[in-house]
Structure formats: C-alpha cells, structure tokens
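Peer 1: 3D, please:
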Amino acid sequence: MSDKLHLSPDDDFPEDLSVVPDQTLQILDSQVQRQLDYEYVVDGEPNPETEFRHYDLDEEFQERDVR
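Peer 2: Purely as a prediction, here's the structure:
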C-alpha cells in the first residue's frame, strides 16, 4: 500500500476489492477522494479512471454494509 495521500489514475489499484481488508479499503477510498478533489480543482473535471475507482469503492462499501 502506498503512503501517498492521493491515488492518481496511473497508480496501481486492486482488481478485486472484495479481498481488500476494511482498513485498506478505507485508505483507498480516502486516496481516491483526495485525487477527485484535486482533479476538480486543477482540471475542472475528474479523470474517468478516478471516477470508475470511486464508483467501484462505493459499490464495495455498500456490499459490506450489513445494517
């Protein structure tokens, strides 16, 4: 796992989020969210890869939420 605060579209991303531990998933989510924020500020819109990652993370969190 990277110690970076963001995860650029060129950085590695897990193929299967279902095998990622909860804590690591939360870190990934934070990194992707920071990257999205950065892209909106700098580029005016997100990179499609960052958007896909954000969507995939949200989906995985919904699947794990057993409330």
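Peer 1: The closest residue to Q33 other than its chain neighbours - how many residues pack around it?
Peer 2: Distances taken as C-beta to C-beta, 6 or more residues apart in numbering put H54 closest to Q33, at 7.1 Å, once the chain neighbours are dropped. C-beta here means a position set from N, CA and C on the backbone, and glycine is covered the same way. Neighbour count for H54, taken as other C-beta atoms under 10 Å: 16.
Peer 1: which residues touch H54?
Peer 2: Contact analysis of H54 by C-beta atoms under 8 Å, 6 or more residues apart in numbering lists 32-33, 36, 46.
Peer 1: now do P9
Peer 2: 35, 47, 49-50, 53.
Peer 1: quick one: which helix or strand includes it?
Peer 2: Using DSSP states H and E, P9 sits in no helix or strand.
Peer 1: Skip the chain neighbours and tell me the closest residue to it.
Peer 2: That would be E49: by C-beta to C-beta, 6+ apart, it lies 3.7 Å from P9.
Peer 1: what comes up buried for the helix or strand where the one you found lies?
Peer 2: Per DSSP H and E, E49 falls inside helix 48-64. Using 16 or more other C-beta atoms under 10 Å as the burial criterion, the residues of helix 48-64 that qualify are 49-50, 53-54, 57, 60.
Peer 1: for this structure, what's the longest helix?
Peer 2: helix 22-43 (DSSP state H).
Peer 1: Could the C-alpha coordinates of it be exported in CSV?
Peer 2: Taking C-alpha atoms only, helix 22-43 is exported to CSV below (Å, rounded to 0.1, in the frame of the first residue of the first chain):
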residue,chain,number,x,y,z
ASP,A,22,-11.7,-3.0,5.5
GLN,A,23,-8.9,-0.7,6.8
THR,A,24,-7.1,-0.8,3.4
LEU,A,25,-10.4,-0.2,1.6
GLN,A,26,-10.9,2.9,3.7
ILE,A,27,-7.4,4.2,2.9
LEU,A,28,-8.0,3.6,-0.8
ASP,A,29,-11.3,5.5,-0.6
SER,A,30,-9.6,8.4,1.1
GLN,A,31,-6.8,8.4,-1.5
VAL,A,32,-9.3,8.3,-4.4
GLN,A,33,-11.4,11.0,-2.9
ARG,A,34,-8.4,13.3,-2.5
GLN,A,35,-7.5,12.6,-6.1
LEU,A,36,-11.0,13.5,-7.2
ASP,A,37,-10.9,16.8,-5.3
TYR,A,38,-7.5,17.6,-6.9
GLU,A,39,-8.7,16.8,-10.4
TYR,A,40,-11.8,19.0,-10.0
VAL,A,41,-9.7,21.9,-8.8
VAL,A,42,-6.9,21.6,-11.3
ASP,A,43,-8.6,20.2,-14.4
